[in-house]
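1. here is my input, please return the structure:
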Amino acid sequence: MEAYKSHKTLEFKFFASKKTVFLYMCQICRQVPNPSAAVEHADCGKIFCSPCIANWARTSELCSSCKKPFHDSRPNLSIALKRTMLSAVVVCPNTPPNSEKCSWEGEWEELYLHERECLYTLLPCPCKCGKEIMRKDVEQHTKIDCSNKIVTCSFCQKDLTLNLLKEHENNCCLLYTSDAADDMQCVDLGGRRIIKKKKKK
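-> Residues are numbered from 1 along each chain as shown. Purely as a prediction, here's the structure:
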């Protein structure tokens, strides 16, 4: 049952059968709790997320459904109930806005494995630019769009990140200037004299 580690809760809309999953929905947050982090009330049989119960207990000791004390709740779901929940058919929750969505559909227990290879799963940029990119776009992002991708200065051949290239060319590097009368021009940059060269075409 390792597969259900993928989600703490799963929104109601990602289940194929809304009628069936209504039985497993947390009575407080109205989402379906991960079976490993769910509580079942001993009297009414309603299911709750463990964090929801903890927050609810700060203001009330009674079940929001049957109005009986929560201390009768079972801290862990039965193996049979867990398996029933994990066999529910779900669709992939990776649905980026304004984009095509993943068409995967399968049992909740299989979702963990699917998300490890889903092309629409959001991943942090491997170059650490701070953006999240869908798995299918990571290669293009790191090669073309990422501000932290490594580029080589065409003048001094130094390797640096794209977001530093403009400053490097303006302040540090031997750079072509379009207003130079000759192939070389002496320029004063902050009290420091450097030679700017015309880039070879």
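2. for the chain, which helix is longest?
-> For the chain, the helix with the greatest residue count under DSSP state H is helix 162-171.
3. give the buried residues for that one.
-> 162, 165, 168, 169 (16 or more other CB atoms under 10 Å). Every residue, glycine included, has its C-beta placed from N, CA and C.
4. equivalent analysis for stretch 79-97, please.
-> 81, 82, 85, 86, 88, 90, 91, 92, 93, 94.
5. now those residues as a markdown table including distance to residue 112, pLDDT and secondary structure?
-> Below are those laid out as a markdown table (distance: CB to CB, whole Å; pLDDT from 0 to 100; DSSP: H, G, I helix; E, B strand; the rest coil):
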| residue | distance to residue 112 | pLDDT | secondary structure |
| --- | --- | --- | --- |
| 81 | 19 | 82 | helix |
| 82 | 14 | 83 | helix |
| 85 | 14 | 85 | helix |
| 86 | 10 | 86 | helix |
| 88 | 14 | 87 | coil |
| 90 | 11 | 89 | strand |
| 91 | 15 | 89 | strand |
| 92 | 12 | 89 | coil |
| 93 | 12 | 86 | coil |
| 94 | 13 | 83 | coil |
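6. one step back: what's the longest helix of the chain packed up against?
-> The contact analysis (3 or more CB pairs under 8 Å, 6 or more residues apart in numbering; DSSP states H and E) places helix 162-171 against strand 150-152.
7. within its sheet, name the partner strands of the strand it packs on and how each one runs.
-> Strand 150-152 sits in its sheet next to strand 159-161 (antiparallel), going by DSSP bridges.
8. follow-up on the earlier one: closest to residue 152 out of the buried residues of helix 162-171?
-> residue 165 (9.3 Å; CB to CB).
9. what distance do you get for that closest one to residue 153?
-> Applying CB to CB, to the nearest Å, the value for residue 165 to residue 153 is 7 Å.
10. what's the nearest residue to residue 63 if we skip its chain neighbours?
-> The spatially closest residue to residue 63, leaving aside those adjacent along the chain, is residue 41, at 5.2 Å (CB to CB, 6 or more residues apart in numbering).
11. list the beta-bridge partners for the residue nearest the centre of the chain.
-> A centroid search over the chain (CA atoms, centre = their mean) returns residue 122, at 4.3 Å, as the residue closest to the centre. Beta-bridge partners for residue 122, by DSSP bridges, are residue 134.
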